[in-house]
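S.K.: quick one: sequence and predicted model below, then my questions.
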Amino acid sequence: MRRTVYVADDVPTNIELVEAVFRSDPDIVIKKACDGSELLDEIQKDGLPDLIILDLMMPVMDGFDVLRKLKDARAKNYFPIVVLSALTDKQSIINALSLGADDYVTKPFFVEELKARVYNMLKLKERDEFLNTSLDVMESNLLEKLQMLEHTQLEIIIRLGKAAEFRDDETGRHIERIADYVSLIAGEIGMNNGHVMMMKYAAPMHDVGKIGVPDSILLKPGKLSDDEFNIIKLHTVIGGKILSGTTLPLLELAREIALSHHEKWDGSGYPFALKGADIPISGRIVAITDVFDALTSERIYKTAWPMEKALDYIREQRGKQFDPDVVDAFFNVAEKIMRIKQSKTDERTAKPIIQQVLDGDISIEEAIERWR
């Protein structure tokens, strides 16, 4: 590998001596500068060298100033500097080394000593380049693996959320809408982009606890008894249990939402009757989106409300069921929310496909075709 070495010295004889030292090495290309200013101009024009052999006492710009001016460039793209100077006092040596010089050789110099020090510095640079290249490759591989892991985690969360919704909404569009509503409101109340994305991906897990609710209650077409409704309430705790014990921030946020999205601002919600700001903001946001989407969607036990009636209900529950600030944010983005509702609503019946098969509404073959 060919290496570019600059020699900066105001005495031409000194430059010639250095050239003679490395003349027999075809891999060393010597470039010359008679002072610090010329050296910097050459570097600016031709790019950074592999090494500089630098005199300290030069006109126009001395070696100390060169060291100062190259400090930032070397911090980004390291190359060694070997000082070759007639200054032998300790203070000059200390000053040069403290300004970033890697080695210090005094004049007159021994040829073999200078050669050995220069080659040692070049070997260090090669190792530094190798390590940086290896780190870049490792960082690239690590980033790719982290992205794959993140994608896998998100996919699992979305699928698990759909597993819960599959039992009472065969389209699964409910959780897609909730995710979009939540991201709009989270952004409107001032969450940063990272937190908005966390909310978007965690919100679909809000009803995962429905997996633990018996079909006879979850799919009951009529009014629930008090005991049955108490069983329904347990889906929040079941969801929290399913998602507990994790060290992943996304799943921890999903656990928080599963537990708190049925709490109410006035303290009349469940499972813990939390009130006001004691309810996590994540739960307060998902609560309003979940209610809005449930009201405006057809279910086995009810017909869909007209949009205006649902919006009136949200307004009426400001400061009661819902956080006033979240209600205000909801209405600030209400037009976007309604567009999402319209674009992501399946007009087919909300009765689950399995129930339709059991009720004789469709055949097994029709069910298979719908799921394809």
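M.R.: Received it, and whenever you're ready, just let me know what you need. Numbers count the residues shown, from 1 in each chain.
S.K.: how about the closest residue to L97 other than its chain neighbours, what does it touch?
M.R.: Ranked by Cβ to Cβ, 6 or more residues apart in numbering and with sequence neighbours excluded, the top spatial neighbour of L97 is Y104, at 6.5 Å. Bear in mind the C-beta positions are built from the backbone N, C-alpha and C, glycine included. Going by Cβ atoms under 8 Å, 6 or more residues apart in numbering, Y104 touches V82, V83, S85, I93, A96, L97.
S.K.: and Y104, which of the three is it?
M.R.: strand (DSSP: H, G, I helix; E, B strand; the rest coil).
S.K.: could you report the pLDDT at it?
M.R.: pLDDT recorded at Y104 is 94.
S.K.: sorry, back to before: pull out the buried residues from the contacts of Y104.
M.R.: Taking 16 or more other Cβ atoms under 10 Å as the criterion, what is buried in these is V82, V83, S85, I93, A96.
S.K.: quick one: the helices in the stretch 101-250 of the chain?
M.R.: Ranges of helices within the stretch 101-250 of the chain are 111-165, 173-188, 193-202, 215-218, 226-242, 249-260, based on DSSP state H, counting those that start in this stretch.
S.K.: which helices and strands sit right next to the fifth one?
M.R.: Packed against helix 226-242 by the contact rule (3 or more Cβ pairs under 8 Å, 6 or more residues apart in numbering; DSSP states H and E) you find helix 215-218, helix 249-260.
S.K.: returning to that earlier point: which residues does the residue nearest to L97 bridge with?
M.R.: Y104 has the following beta-bridge partners by DSSP bridges: V83.
S.K.: any idea how far it is from D89?
M.R.: 12 Å (Cβ to Cβ, to the nearest Å).
S.K.: one more: K341?
M.R.: For K341, the distance to D89 (Cβ to Cβ) stands at 81 Å.
S.K.: ok, G36 next?
M.R.: Distance from G36 to D89, counting by Cβ to Cβ: 20 Å.
S.K.: and I354, what's its pLDDT?
M.R.: 65.
S.K.: revised request: answer the last question for I185.
M.R.: pLDDT, the model's per-residue confidence, is 98 for I185.
S.K.: what's the local residue count around it?
M.R.: Applying other Cβ atoms under 10 Å, we find 26 residues neighbouring I185.
S.K.: list the residues that contact it.
M.R.: I185 neighbours (Cβ under 8 Å, 6+ apart): I285, I288, T289, V326, A329, F330, V333.
S.K.: what does A20 give?
M.R.: Applying Cβ under 8 Å, 6+ apart to A20 gives no contacts.
S.K.: please identify the helix or strand for the residue lying closest to S363 once chain neighbours are set aside.
M.R.: Leaving out its chain neighbours, the residue that sits closest to S363 by Cβ to Cβ, 6+ apart is V357, at 7.4 Å. In this assignment (DSSP states H and E), V357 forms part of helix 353-358.
S.K.: what's the following helix or strand after that helix?
M.R.: Moving toward the C-terminus from helix 353-358, the next helix or strand (DSSP H and E) is helix 364-371.
S.K.: now the closest residue to S85 other than its chain neighbours: phi and psi?
M.R.: Leaving aside its sequence neighbours, S85 sits nearest to L56 (Cβ to Cβ, 6+ apart; 4.2 Å). With angles defined as degrees, to the nearest 10, L56 sits at phi -90, psi -40.
S.K.: L56: neighbour count?
M.R.: L56 has 24 neighbouring residues, counting by other Cβ under 10 Å.
S.K.: who's in contact with it?
M.R.: Contact analysis of L56 by Cβ under 8 Å, 6+ apart lists D62, G63, F64, V83, S85, L87, S92, A96.
S.K.: the bottom helix or strand of this structure by mean pLDDT?
M.R.: In the chain, no helix or strand scores lower on mean pLDDT, DSSP states H and E than helix 353-358, which sits at a mean of 69.
S.K.: quickly list what L54 is bridged to.
M.R.: Beta-bridge partners, per DSSP bridges, of L54: A8, V83.
S.K.: hmm, it is touching V5, no?
M.R.: No. The criterion here is Cβ atoms under 8 Å, and L54 misses it with V5 at 10.9 Å.
S.K.: among the two, which residue is more densely surrounded?
M.R.: Just comparing L54 and V5: by other Cβ under 10 Å the higher neighbour count belongs to L54, 27 against 23.
S.K.: and that one, how far is that from D9?
M.R.: Distance, L54 to D9, by Cβ to Cβ: 8 Å.
S.K.: residues of stretch 210-227 that come out buried?
M.R.: K210, I211, G212, V213, I217, L218, L219.
S.K.: pLDDT of it, averaged?
M.R.: Per-residue pLDDT values across stretch 210-227 average out to 85.
S.K.: hang on, the earlier thing: keep only those of the contacts of L56 that are in strands.
M.R.: V83, S85 (DSSP state E).
S.K.: out of the contacts of L56, which sit inside helices?
M.R.: In this view, these that belong to helices under DSSP state H are G63, F64, S92, A96.
S.K.: would you list the residues you listed in CSV and tack on distance to S134?
M.R.: Shown next, in CSV, are the ones in helices among the contacts of L56 (distance: Cβ to Cβ, whole Å):
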residue, distance to S134
G63, 33
F64, 35
S92, 37
A96, 31
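S.K.: quick one: which of those residues is most hemmed in?
M.R.: Counting by other Cβ under 10 Å, G63 has the largest number of neighbours within these, with 28 neighbours.
S.K.: ok, now which ones touch that residue?
M.R.: Each residue near G63 by Cβ under 8 Å, 6+ apart is listed here: A8, G36, L54, D55, L56, M57, V83, S85, A96.
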